[in-house]
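**Student:** Here is my input; please provide its structure:
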Amino acid sequence: MAEPVSPPIIVIKRKGGHAGAHGGAWKVAYADFVTAMMALFIVLWLLSTTADVQKSVSAYFRDPKGIGNQMGSSMTGNGESLKIVKSNMNLLKGKIEQSMKSSAKMQALKDYVQMTVTGEGLRIELLESEKGMFFESGQPVPTGLGKDLLSKLAPILGEMPNSLVIEGHTDAKPFDSPRYSNWELSIGRANAARNILQKAGLRTAQVLQVRGFADQQLRLPEQPEDPSNRRISIIVQYPHVNEPDEPKGKADKEGEGGEAGSEKAPAGSHGGAQHSK
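**Tutor:** Purely as a prediction, here's the structure:
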């Protein structure tokens, strides 16, 4: 009689101790840690910014859609504008430069539109060429190109709470008409630029002054008849209040000397300039 066959013995070995290391729980913990660190750095950054920036960020989270069509972080979601001050004036400069790159026609004007951060604010200058550029020759009448550029600048400047000053300048060429001098031409062109800007998007009463300097503040004094001396200057002024990080005495000194203090001549002066163009 055959012996009964016993069933095979199956031995199951289980590994223990390291199974948890190959799971996904540690990834969740690491992600939480990274998120917490990012939040910490954001808080530290906000603590080091100005009150206006903090207010802008806060308003964004209260009303995210309110900032969608505004200038980056320069406008708050509840409609309050972030003032352009010395520390962030380059934001506005970059915005204007980016806007000019949006069309080939405006891109071609890059050498005739110069922007400089000065003691008074951001100075935007529209320079003439030998063939003219932004105004008809010898007249305070804007060309089509001048109207297009000013109309493109207006909505950008209108977003800012900063006040504006508009200046007109001429070269030193003799003017033929005995009744119409450089003074009339410079103030007429500055006023024509103001009119276009206000119709295209500037806020009411945003323009504080319209100045005419004739040939008294040449861009190139060593070349008094150079076409680039004929120009319109739009100055985006700093707020009249002092910046938090700037002592009052320093701001006062900058206002008394340099370019800002020397350009407060009355715009209506017409004396002694009929020999110039």
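**Student:** residue ranges with poor pLDDT in the stretch 151-277 of the chain?
**Tutor:** Per-residue confidence of the stretch 151-277 of the chain (counting by pLDDT under 70) places the weak regions at 240-277.
**Student:** show me where it has strands.
**Tutor:** Under the criterion DSSP state E, counting those that start in this stretch, strands of the stretch 151-277 of the chain are mapped to 164-169, 207-212, 231-237.
**Student:** closest to residue 48 out of those strands?
**Tutor:** Taking C-beta to C-beta, strand 231-237 is the member of the strands of the stretch 151-277 of the chain nearest to residue 48, at 25.4 Å. Using the backbone N, CA and C atoms, a C-beta is placed for each residue, glycine as well.
**Student:** contacts for the closest one?
**Tutor:** By C-beta atoms under 8 Å, 6 or more residues apart in numbering, the residues outside strand 231-237 that reach it are 84, 89, 92, 118, 120-128, 134-135, 153, 157, 160, 162-169, 189-190, 193, 197, 208, 219.
**Student:** Can you flag the buried ones in those residues?
**Tutor:** Taking 16 or more other C-beta atoms under 10 Å as the criterion, what is buried in the contacts of strand 231-237 is 84, 89, 92, 120-128, 134-135, 153, 157, 160, 162-169, 189-190, 193, 197, 219.
**Student:** Which of these fall within helices?
**Tutor:** Counting by DSSP state H, the part of these found in helices is 89, 92, 153, 157, 189-190, 193, 197.
**Student:** What distance do you get for the residue nearest to residue 114 when sequence neighbours are not counted to residue 115?
**Tutor:** By the measure of C-beta to C-beta, 6 or more residues apart in numbering, the closest residue to residue 114 outside its immediate chain neighbours is residue 125, 4.9 Å from it. When distances are taken as C-beta to C-beta, to the nearest Å, residue 125 and residue 115 turn out to be 8 Å apart.
**Student:** Check residue 185 too.
**Tutor:** Applying C-beta to C-beta, the value for residue 185 to residue 115 is 24 Å.
**Student:** Those two: which is more packed in?
**Tutor:** residue 185 (26 against 17; other C-beta atoms under 10 Å).
**Student:** Can you verify my assumption that that one contacts residue 175?
**Tutor:** Yes - counting by C-beta atoms under 8 Å, residue 185 touches residue 175, with 7.4 Å between them.
**Student:** before we move on, back to that, can you check which of the strands of the stretch 151-277 of the chain gets nearest to residue 33?
**Tutor:** That would be strand 231-237 among the strands of the stretch 151-277 of the chain, by C-beta to C-beta, at 44.3 Å.
**Student:** what angle do that closest one and strand 207-212 make?
**Tutor:** Strand 231-237 runs at 150 degrees relative to strand 207-212, counting by axes from the mean of the first three to the mean of the last three C-alpha atoms, to 10 degrees.
**Student:** Strand partners (parallel or antiparallel) of strand 231-237?
**Tutor:** Sheet partners assigned to strand 231-237 using DSSP bridges are listed as strand 121-127 (antiparallel), strand 164-169 (antiparallel).
**Student:** now those strands in JSON lines, with distance to residue 56?
**Tutor:** As requested, the strands paired with strand 231-237 are exported to JSON lines (distance: least, C-beta to C-beta, whole Å):
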{"stretch": "strand 121-127", "distance to residue 56": "19"}
{"stretch": "strand 164-169", "distance to residue 56": "22"}
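**Student:** Relative to residue 26, which of those is closest?
**Tutor:** Of all the strands paired with strand 231-237, the one in closest proximity to residue 26, counting by C-beta to C-beta, is strand 121-127 (51.7 Å).
**Student:** CA atoms only: put the closest one into PDB for me.
**Tutor:** Extracted in PDB, the C-alpha atoms of strand 121-127 (Å, rounded to 0.1, in the frame of the first residue of the first chain):
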ATOM      1  CA  GLY A 121      10.300 112.900 -11.500                       C
ATOM      2  CA  LEU A 122      10.300 110.800 -14.700                       C
ATOM      3  CA  ARG A 123      11.000 113.100 -17.600                       C
ATOM      4  CA  ILE A 124       9.600 111.800 -20.900                       C
ATOM      5  CA  GLU A 125      10.900 113.800 -23.900                       C
ATOM      6  CA  LEU A 126       9.600 113.800 -27.400                       C
ATOM      7  CA  LEU A 127      12.500 115.000 -29.600                       C
END
